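Enquirer: What would the 3D arrangement of this be:
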Amino acid sequence: MTRLHRTPLDKNWQFRQSSPQSPTPTSGIASSFLPVSQFPTVAQIDLLNHKLIPDPYIDTNELDCLWVNHANWIYRTEITREEITGWEVGAGKRVELVFEGLDTIVDIFLNELHILSGNNMHITYRVDITSLLASSLLNSQHSKLLLELRFRNAPGEAKHEMRRIGYKGNGTDVHFGGPERLFLRKAQYHWGWDWGPAINTCGPWKGVFCEVFEGRVKEFVVRQEVGKDLKSAVVRVSGAVEGGGKEVQVQIVNPKGVILKDEILDLDKRGIFKDEISLAGDEIRLWYPWNYGDQPLYTVTCTLPYQDSTTRKIGLRRLQLLQHPLIDAPGTSFVFEINNIRLFLGGSNWIPGHFMLPLLNEDIYKKWILTAKAGNQTMLRVWGGGLVESDSFYSTCDEEGILIWQDFLFACGNYPAEERFLENVREEAEQQVKRVGHHASLAIWAGNNEDYMLAERWGWEYDQSDEDGPWDHTDFPARVVYERLLPDVVQRLGGDVPFVRSSPYGGKTSNDHTVGDTHIWEVWHGQMSPYQSYKEHLSRFISEFGFESAPSLSTLHIAISSPSERHWQSAIFDAHDKGPGHMRRYGMYSGENFRFRFNPLRDFVYCSQFLQAEAIGYAYRTWRREFRGEGKEYCAGVLVWQLNDIWPGTSWAIVDVQGNRKPVWYVIKRSLATVSLGMERRVTKEPHYMLMSYLPEKSAVEIWGTNSALQDLQAELKIRAWDIETGAEVALQGVGIEREITLAANSSTELGSVTIPDAQKTVVISYLYDIQTGDQIARMASWPEPLKYVKFRKGLKVQVEIEKRKEVGQDGEEIVILSAGAPVKGVLVSAEGEGGEAVFEDNFVDLVPREEIRIGVKGLGGREIQVRWLCDWEGEEGFVL
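Expert: Numbering: from 1, shown residues only. Take a look at the predicted model:
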């Protein structure tokens, strides 16, 4: 027997443009073969390497690179016998070429013999070339074979498919790229989106391999199910072998490396095997999200003796999606339950980490995932306009205890349902569910992003009561994908992971606030409601909502090379903010809430980030408040749009493309802490009915606490108040301003309200202290509304001190100590000057007198601390309101 040999074909690749010759300025670019810069690759990477295009992420270079989207490309390499172990063809031996990812329309030739046509970026192709090597067709006695990948541009081919199939939309109901994108199984964001440029890549974006074998494990699917009592589990294995063999060996190894099960499974005549393996008692260590326990992983290995083996890492966890009636509220819950723990899930949406995907690697993925975890996030939603991500992405989430909401790869469009298209989609879905379906982090599959919502918005023929179909006669034929094809794939292959038709989906409309999940875009988009109306959009699970802001100033300087263009109203700035109507929104939302200054650019950065943090923080606190205990899970999840950025631009991201954490990241971190406080001012008096332009009085503040731990928490609540302009402490009346309280386990707890003397001039701070240790465990400030009416102390200053951290194991870390003589809003610290990334444990804090805020920092490296706060420009010499 010969063991399977897998040889990466990653050497000596070349590329060239193969577009039809025409008298255009770009037709001669890369017209002769050039070496690639790396492998895998795409055309833009190689053109950049040879300085044949400018960086599309800088200035308006996106325009100068558009031609690449519409060009054709050839990639080729020569394969030598010496490169491939086991090349010689013998009795029973097979040779296959494996293409893990081809972007997207491609014909593949081996010594000019056509061996494959590909039309799906999201699937792996295999080509058996055994008989070709044994024949004279390839002249296989020669020492080299020429492998050539001939790619045709995606927009052109997609338009051809649109004409062939017919588009049932009206051409105006697609707002990200053209409607042709819907007809090609390619990452949809490559046509451009409202957070990034139009960079339509082309090339071998994943690895190419040659496999030589007599037999191999063709398929290995592992799923698990934990009993309700959490004391028993079943590991279900199934798969197939090709090329021979009578049996496979399946081993389960526990997290400590001990073999728990070692079984021999017989193959049927088709080479198929299947079994259920029971675990019980001490054999079971459960996998939890990071904030509830450990993440032990079991290794399940399938071996075809002497020939091949493959492994899967799994976690044992009981997963349920609970949708039960609620107490004193309409609709049903939407609660994820892991190991019988009902979870409030806070997190964010993940967009692809790059347009040129081969530039991503495991380290980059891990850095992003750890950034989310460091911000107390427990779920990432992988959005449907991108990818089913790399194996390392899900493996890292398994290891770090981050749950994944995974969309299937359809977004914001009226997709076709023609027979060949459906066959392609089914193959894609089956491959992807088999590939990632075993991961403990995977919590749900959703059929698409917003397609049902668009059907309702644009008036497609969508009869919700018609569950039977067929729907091919309507102008919403893709229902067959979301209501037949994908549910069937998940039911057969998905194990215990639930499926929903879309995100959002549920109730009388797709975005029903009482059933399923919602996307809340009435704020920022839609009618541009005030962000304070997030409270009115309480939903059972908010899987999208967001607010734009600028990236860091250093990131904008990367994006905009000319100093004269570095202001918020420049053409290049606009080119790097793809959000429709962004200019109107910044001024409107800022003007409603606080005094702002948008020039110079550093002030726009601060003010837009301040606005984003205030809006998103309000939403997280308000909605988490509504996780009130069993049967009262009025909101069980909040996922902000979006975690990451894809280029140096202004967007909804909470961390910019350089990894700089915006203020909102810190606000979310505090809002999602195990224990947190919330405060909201309550209307106590409406203005006289004859008056206009006067706001209601808000002279009382409601206070609540949240506790995600599984035990009640005894704590001491203290409430203090200060005059904002003078810095004098304000006496609060009532017995409740210092008291012991109990925060109920895994829910929010109302802590009453306090009357505020002279409310428009007073900031109120609430604190929680651990009864046992006296340590402060939560802190929250309530300011007058709107902030634009607030008068800060003249000459307000923030004092900054730095001291070395003294705790064991904290070498090289420091503490930034902040204080002030009067209340300060939105204090943001950063490291000045050249050096590596300085990572602050906390930031964007509010200060009051006689209190020090201590913030840990890594990587300061002797640099000075820069401090910003709201309206700090009013203290500049010569400034006059």
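Enquirer: List the residues that contact Ile756.
Expert: By CB atoms under 8 Å, 6 or more residues apart in numbering, the residues touching Ile756 are Arg681, Ser699, Ala700, Val701, Ala721, Leu732, Thr762, Val764. All C-beta spots, glycine's among them, are computed from the backbone N, C-alpha and C.
Enquirer: Any idea which residue is closest to the centre of this protein?
Expert: Relative to the mean C-alpha position of the chain, the nearest C-alpha, by CA atoms, centre = their mean, is the one of Trp350, at 1.3 Å.
Enquirer: tell me the phi and psi of that one?
Expert: phi -110, psi 120 (degrees, to the nearest 10).
Enquirer: any idea how far it lies from Gly526?
Expert: As judged by CB to CB, to the nearest Å, Trp350 and Gly526 stand 23 Å apart.
Enquirer: mind putting the contacts of Ile756 in JSON lines, neighbour count, distance to Tyr789 and secondary structure included?
Expert: Conversion of the contacts of Ile756 to JSON lines gives the following (neighbours: other CB atoms under 10 Å; distance: CB to CB, whole Å; DSSP: H, G, I helix; E, B strand; the rest coil):
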{"residue": "Arg681", "neighbour count": "20", "distance to Tyr789": "13", "secondary structure": "strand"}
{"residue": "Ser699", "neighbour count": "18", "distance to Tyr789": "14", "secondary structure": "coil"}
{"residue": "Ala700", "neighbour count": "16", "distance to Tyr789": "18", "secondary structure": "strand"}
{"residue": "Val701", "neighbour count": "22", "distance to Tyr789": "17", "secondary structure": "strand"}
{"residue": "Ala721", "neighbour count": "25", "distance to Tyr789": "17", "secondary structure": "strand"}
{"residue": "Leu732", "neighbour count": "17", "distance to Tyr789": "21", "secondary structure": "coil"}
{"residue": "Thr762", "neighbour count": "21", "distance to Tyr789": "13", "secondary structure": "strand"}
{"residue": "Val764", "neighbour count": "25", "distance to Tyr789": "16", "secondary structure": "strand"}
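Enquirer: Identify the farthest-apart pair in those.
Expert: When these are compared pair by pair using CB to CB, the farthest-apart members prove to be Arg681 and Leu732, with a separation of 14.3 Å.
Enquirer: ok, residues contacting stretch 688-701?
Expert: Applying CB under 8 Å, 6+ apart, the contact partners of stretch 688-701 are 679-687, 753-756, 759, 764, 782, 784-786.
Enquirer: And the helices in the stretch 601-750 of the chain?
Expert: Counting by DSSP state H, counting those that start in this stretch, residue ranges of the helices within the stretch 601-750 of the chain are 601-624, 663-671.
Enquirer: Export those helices as TSV, with columns for mean pLDDT, mean neighbour count and distance to Val95.
Expert: Shown next, in TSV, are the helices of the stretch 601-750 of the chain (pLDDT from 0 to 100; neighbours: other CB atoms under 10 Å; distance: least, CB to CB, whole Å):
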stretch	mean pLDDT	mean neighbour count	distance to Val95
helix 601-624	98	24	54
helix 663-671	98	25	50
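Enquirer: Can you add distance to Gln772 and give these back as a markdown table?
Expert: As requested, those are exported to a markdown table (distance: least, CB to CB, whole Å):
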| stretch | distance to Gln772 |
| --- | --- |
| helix 601-624 | 25 |
| helix 663-671 | 22 |
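Enquirer: chain center to the helix or strand where Thr555 lies: distance?
Expert: Taking DSSP states H and E as the definition, Thr555 sits inside helix 553-559. If you compare the mean C-alpha spot of helix 553-559 with that of the full chain, they lie 23 Å apart, counting by CA atoms, centre = their mean, to the nearest Å.
Enquirer: Would you mark the buried spots in it?
Expert: Taking 16 or more other CB atoms under 10 Å as the basis for neighbour counts, the residues of helix 553-559 that come out buried are Leu553, Thr555, Leu556, Ile558, Ala559.
Enquirer: And for stretch 293-300?
Expert: Along stretch 293-300, the positions that meet the burial threshold by neighbour count (16+ other CB under 10 Å) are Gly293, Gln295, Pro296, Leu297, Tyr298, Val300.
Enquirer: Mind putting these into a markdown table with pLDDT?
Expert: Conversion of the buried residues of stretch 293-300 to a markdown table gives the following (pLDDT from 0 to 100):
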| residue | pLDDT |
| --- | --- |
| Gly293 | 97 |
| Gln295 | 98 |
| Pro296 | 98 |
| Leu297 | 98 |
| Tyr298 | 98 |
| Val300 | 98 |
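Enquirer: so which pair among these is furthest apart in space?
Expert: Gly293 and Val300 (21.0 Å).
Enquirer: Was I right to think Arg342 contacts Glu630?
Expert: Yes: the pair Arg342 / Glu630 is scored as a contact, 6.8 Å apart, by CB atoms under 8 Å.
Enquirer: surely Ala831 meets Ala838?
Expert: Yes: here Ala831 lies in contact with Ala838, judged by CB under 8 Å, at a distance of 3.7 Å.
Enquirer: Pick out whichever of the two has more residues nearby.
Expert: For Ala831 and Ala838, the more surrounded residue by other CB atoms under 10 Å is Ala831, and the numbers stand at 21 against 18.
Enquirer: The more buried one and Ser117: what is the separation?
Expert: 53 Å.
Enquirer: Repeat that for Ser135.
Expert: Note on Ser135: its distance to Ser117, by CB to CB, is 21 Å.
Enquirer: Val605 now?
Expert: As it turns out, when the distance is counted by CB to CB, Val605 lies 49 Å from Ser117.
Enquirer: for Arg863, same thing?
Expert: Noted for Arg863: a distance of 56 Å to Ser117, by CB to CB.
Enquirer: again with Leu643
Expert: Leu643 is 37 Å from Ser117, by CB to CB.
Enquirer: Who has more neighbours out of the two?
Expert: Relative neighbour count places Leu643 above the other of Leu643 and Ser117, with 26 against 11, counting by other CB under 10 Å.
Enquirer: Secondary structure element for the nearest residue to the more buried one once chain neighbours are set aside, which one?
Expert: Setting aside the residues directly before and after it, Leu643 is nearest to Ser348 in space (CB to CB, 6 or more residues apart in numbering), at 3.8 Å. For Ser348, the host element (DSSP H and E) is strand 345-350.
Enquirer: repeat for His122
Expert: Remark: His122 resides in no helix or strand, with elements defined by DSSP H and E.
Enquirer: burial count for it?
Expert: Neighbour number of His122 under other CB under 10 Å is 22.
Enquirer: and it, what are its phi and psi?
Expert: In terms of degrees, to the nearest 10, the main-chain angles of His122 are phi -100, psi 10.
Enquirer: still on that earlier bit, want to throw the contacts of Ile756 into a markdown table with pLDDT and distance to Val800?
Expert: As requested, these are exported to a markdown table (pLDDT from 0 to 100; distance: CB to CB, whole Å):
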| residue | pLDDT | distance to Val800 |
| --- | --- | --- |
| Arg681 | 95 | 30 |
| Ser699 | 92 | 34 |
| Ala700 | 93 | 35 |
| Val701 | 95 | 30 |
| Ala721 | 97 | 25 |
| Leu732 | 91 | 30 |
| Thr762 | 97 | 26 |
| Val764 | 97 | 25 |
